[in-house]
Structures are given as structure tokens and as C-alpha cells.
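# Please work out how this folds:
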Amino acid sequence: MHAMVAALPRTVAGMRDQFILVVGWWMMARRSELVALNDVDLRFVKEGLEVYVASSKTDQEARGTVCPLPYGQWADTCPVRLTQQWLDVLTSRGTRTAVLRGVDRNGHFRDRLTPQSIDLRVKAAAKAASLDNPGSYSAHSLRAGGASAAAAAGRSMLAIARHGRWVETSPVVHGYVRAADMWRDNPMRGLGV
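Residues are numbered from 1 along each chain as shown. Here you go, the predicted model:
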């Protein structure tokens, strides 16, 4: 994440892509959830940022849910600070409502991004960061990466599933947790041999 963010250009499009990477990772967001975000879906609170997800794959009735994002440790990967900066950019250019928009080469905003464009932005950031096999990165990498990092830090599967808006019995989220647990909980770790 840090390498991808550091490789982004310091332009309006780069700031937008930083928002995509960071907020997408912290939310464990689906690309459809990211592109659907409107400014009214973002609420700053003392603890951080509440992101209202109006509907998702596991919320077929579109009841909506709030995804809480705490402050991050570093400014360049803090979802709260980056969201405020990005909203300031949108406001300064007289644009709000759709949070993620296309940006032309002159820095002018276009229409709302599509889900496919999120994949392209993630792949471009991976390539700019010179990551191995950048074509293998996608919007799903943000979702999987956030879940895997939370699992590696010892967060419960239930908490990860709820935060990422997975069904609690989802085999997908179980796979992320198992992959992290096999190293964190490895019985051979720390044997002093």
C-alpha cells in the first residue's frame, strides 16, 4: 500500500487514486461500493470517518450499513485525513455529490467512475510502484488486502466479515483468515531452533 501510494503523481488524478487505494483498503470495499459513494455518505466523527454503504452484494434489500474507519497511523495512508483532503479538492472545484470522478489531463472533473475504472487505477498504481506482476492487482486486491492485514493482526473473523460486508460464513473471508493464521499461529514459530 505504501509503495503504491508513494508512486502516485502529485496531481488531482493522483489524489483521487490515493483516495481509491486507501479508503478501498480500509473499507475492504467492493469496487461497486467505491464508485457509488456520494459526499453525503461520508461523515466525520471524533473517532474517524463513517462511510455509509447504501447497498452491497450481501445487502440485496439495500438497507445500507455504516463502515467505520479509524484514523490511520501515517498521513499518506490515513483514510480520515485523505477523505477530508479529497473532499476539499472536490469543493474547491465546485464539484461534490459523486466522490469518484474521471479527471482529464488538465485536471478537470468528468463523470462518475465506473467499477472497471477502479481496476485500472489499482493496476496503474501497482505498475508505477514497480510491484511484481502488476497486472495481477485489481480492485479486489484492496478488499482482500484489508481483510488479510486485519487477520494477520489477530482481528476476529466475525469482525472482519462484518466490516467487509461479507456473510459471516463466507468461505472467501475464511480463506483470507486461514492464510494469515498459518503464519501468525504457526506452532513452529519461536521455538528457538
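# and stretch 28-35, how far from the chain's centre?
Between the mean C-alpha location of stretch 28-35 and the chain-wide mean there is a distance of 8 Å, by C-alpha atoms, centre = their mean, to the nearest Å.
# contacting residues around it?
By C-beta atoms under 8 Å, 6 or more residues apart in numbering, the residues outside stretch 28-35 that reach it are 20, 23-24, 27, 53, 56-57, 67, 100, 112-119, 139-140, 142-143, 146-147, 150, 160, 163-165. Where you see a C-beta, it was placed from the backbone N, CA and C, and this is true even at glycine.
# Equivalent analysis for stretch 164-178, please.
Contact with stretch 164-178 is made by 27-28, 30, 33, 53, 56-59, 65, 67, 143-144, 146-148, 151, 157-158, 160-162, as judged by C-beta under 8 Å, 6+ apart.
# do that again at 6 Å, thanks
Defining contact as C-beta atoms under 6 Å, 6 or more residues apart in numbering, one finds that stretch 164-178 is touched by 28, 56, 58, 147, 148, 151, 157, 160, 161.
# Wasn't the last one part of a strand?
Right, residue 161. No: assigned with DSSP: H, G, I helix; E, B strand; the rest coil, residue 161 falls outside any strand and is helix.
# count of residues packed around it?
Burial of residue 161, expressed as a neighbour count using other C-beta atoms under 10 Å, amounts to 22.
# ok, now residue 70?
Taking other C-beta under 10 Å as the criterion, the count of residues near residue 70 is 12.
# pull the longest helix from this structure.
helix 12-27 (DSSP state H).
# Name the next helix or strand following it along the chain.
Read in the C-terminal direction, the helix or strand following helix 12-27 is helix 31-35, with elements assigned using DSSP states H and E.
# Report the buried residues of the first helix or strand past that following helix going along the chain.
Using DSSP H and E, the helix or strand that follows helix 31-35 in sequence is strand 42-45. Within strand 42-45, the residues that qualify as buried are residue 42, counting by 16 or more other C-beta atoms under 10 Å.
# Also stretch 152-170?
Under the neighbour-count rule (16+ other C-beta under 10 Å), stretch 152-170 has 157, 160, 161, 163, 164, 165, 166, 170 buried.
# Pipe these into a markdown table and attach distance to residue 134 per row.
What follows is the buried residues of stretch 152-170, written out as a markdown table (distance: C-beta to C-beta, whole Å):
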| residue | distance to residue 134 |
| --- | --- |
| 157 | 30 |
| 160 | 26 |
| 161 | 29 |
| 163 | 27 |
| 164 | 24 |
| 165 | 27 |
| 166 | 26 |
| 170 | 27 |
